[in-house]
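K.L.:
Quick one, what's the 3D model for this:
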Amino acid sequence: MVTLSRLEEIRDLRTVWPHEALDFTPWLAQDENMALLSDAIEIDMTVDEIESCVGDFNVDIFASETSTDRTIIIENQLEDTDHDHLGKLITYASGKSADVIVWLVKRAREEHRAAVEWLNNHTDENIGFFLCEIKLFRIGSSDPAVKFEVVERPNDWTKEVKKATSPDEGQQLRYDYWAAFQDYAFQDTRFSHNFRRRKPSKDYWMSFTIGSSQCHIEASQVHKRSELSVELYIDQDKDLFRSLYAMRETIEAEAGLSFDWRELPNRKASRIVVHKNVSFDDRDRWSEHFDWMIDTMLAIKTTFKKYL
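P.N.:
From the prediction side, this is the model:
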């Protein structure tokens, strides 16, 4: 007979994150954890700044939507909602001219849930308020697992966003390409076990987390050069790039790839890139592109993870 364990909810969030500013906010700002929140509210987000100044106050996280120029603020509260934080939320939204406002809480009181619903119904259609509860679970003695549950969101958010962003032909082609890639790639169990589905965008790049705050994988489609690329993107860590570069022969042999190693000394980021020339016009051959990207992304993740 199979023995099953019981799923237990951890109701005191501070047993995991004792302090909002010192523990929870830095944890949330890591790429792999922001991806969890992005999935919950269905908006890909990039952190621009933590404890970002708004006059004499600081908003916990100031971010932007990855595929647009929309600004996002995130206010964290490891307790039940209260009037003080609701007031802060509106103050920060005004000070940052935010388009998307996210309030993360332990528990949403009914009156504050109603207040966020009222804000969504009485503000501009391009502004959205999200109220999310932070849930923690464990099975037996396992490490805690987090889940963000959206309890209030804008009405018809997806429809309004689509209305506000009518893409040109090039943008639409990029969007179609990324949508088709993910539909194809996530049928491959190797890929689905290693990467999380992202919301398609009109950008030429798409980022995938690999479980490290130091770097991520980025795939790009550059139509002007008829070129695909997959890279390890290292953010603000030149020492890491140099340590990997010192082992480049071993790494390339293990990956079965020849990389373009770009330290970019005058920039914060460094890049380790592999390219492929393709034709984007022939959609019947897109599956060949996707096979190459799947194999390359898996090779990069498998090889580099052991050196991070």
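
K.L.:
CA only for contacts and neighbour counts going forward, please
P.N.:
OK.

K.L.:
Parallel or antiparallel, list what pairs with the longest strand seen in the chain.
P.N.:
With secondary structure taken from DSSP state E, the chain has its longest strand at strand 128-139. Partner strands for strand 128-139, per DSSP bridges, with pairing direction: strand 7-9 (antiparallel), strand 100-107 (parallel), strand 145-152 (antiparallel).

K.L.:
pLDDT (mean, whole number) over it?
P.N.:
Average pLDDT, strand 128-139: 95.

K.L.:
Pull the CA coordinates from that strand and hand them back as PDB.
P.N.:
Taking Å, rounded to 0.1, in the frame of the first residue of the first chain, the C-alpha atoms of strand 128-139 are listed here in PDB:
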ATOM      1  CA  GLY A 128      -4.300  47.300 -12.800                       C
ATOM      2  CA  PHE A 129      -4.400  46.400  -9.100                       C
ATOM      3  CA  PHE A 130      -3.500  42.900  -7.900                       C
ATOM      4  CA  LEU A 131      -4.100  41.600  -4.400                       C
ATOM      5  CA  CYS A 132      -2.300  38.300  -3.700                       C
ATOM      6  CA  GLU A 133      -2.000  36.100  -0.700                       C
ATOM      7  CA  ILE A 134       1.300  34.400   0.200                       C
ATOM      8  CA  LYS A 135       0.800  30.700   1.000                       C
ATOM      9  CA  LEU A 136       3.500  28.400   2.400                       C
ATOM     10  CA  PHE A 137       3.200  24.600   2.500                       C
ATOM     11  CA  ARG A 138       5.300  21.600   3.400                       C
ATOM     12  CA  ILE A 139       4.900  17.800   3.200                       C
END
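
K.L.:
Quick one: residues in contact with it.
P.N.:
With contact meaning Cα atoms under 8 Å, 6 or more residues apart in numbering, strand 128-139 is reached by 5-11, 13, 41, 99-108, 113, 116, 119-120, 144-154, 157.

K.L.:
Check which residues of it are buried.
P.N.:
Buried residues in strand 128-139, counted by 16 or more other Cα atoms under 10 Å: 128, 129, 130, 131, 132, 133, 134, 135, 136, 137, 138.

K.L.:
roughly how far is that strand from the heart of the chain?
P.N.:
Centroid separation for strand 128-139 versus its chain: 16 Å, with Cα atoms, centre = their mean, to the nearest Å.

K.L.:
Residue 62 is in what secondary structure piece?
P.N.:
strand 57-65 (DSSP states H and E).

K.L.:
Same check on residue 233?
P.N.:
strand 227-235.

K.L.:
Check which element follows that strand along the chain.
P.N.:
helix 238-246.

K.L.:
Would you mind pulling up the elements that the helix or strand just after that following helix packs against?
P.N.:
On the C-terminal side of helix 238-246, the closest following helix or strand by DSSP H and E is helix 248-255. If contacts are counted by 3 or more Cα pairs under 8 Å, 6 or more residues apart in numbering; DSSP states H and E, helix 248-255 sits against helix 286-305.

K.L.:
Now tell me what touches the helix it packs on from outside.
P.N.:
181, 184-185, 190-191, 194, 210, 217, 219, 228, 230-232, 251, 254-256, 278, 280.

K.L.:
Please save the CA atoms from the helix or strand in which residue 92 is found in CSV.
P.N.:
Using DSSP H and E, residue 92 sits in helix 83-96. C-alpha atoms of helix 83-96 as CSV (Å, rounded to 0.1, in the frame of the first residue of the first chain):
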residue,chain,number,x,y,z
HIS,A,83,-5.4,50.6,6.1
ASP,A,84,-1.8,51.8,6.5
HIS,A,85,-0.5,49.6,3.7
LEU,A,86,-3.4,50.4,1.5
GLY,A,87,-2.6,54.0,1.9
LYS,A,88,1.1,53.4,1.2
LEU,A,89,0.2,51.4,-1.9
ILE,A,90,-1.8,54.3,-3.4
THR,A,91,1.0,56.8,-2.4
TYR,A,92,3.7,54.7,-4.1
ALA,A,93,1.6,54.1,-7.2
SER,A,94,1.1,57.9,-7.6
GLY,A,95,4.8,58.7,-6.9
LYS,A,96,6.0,56.1,-9.4
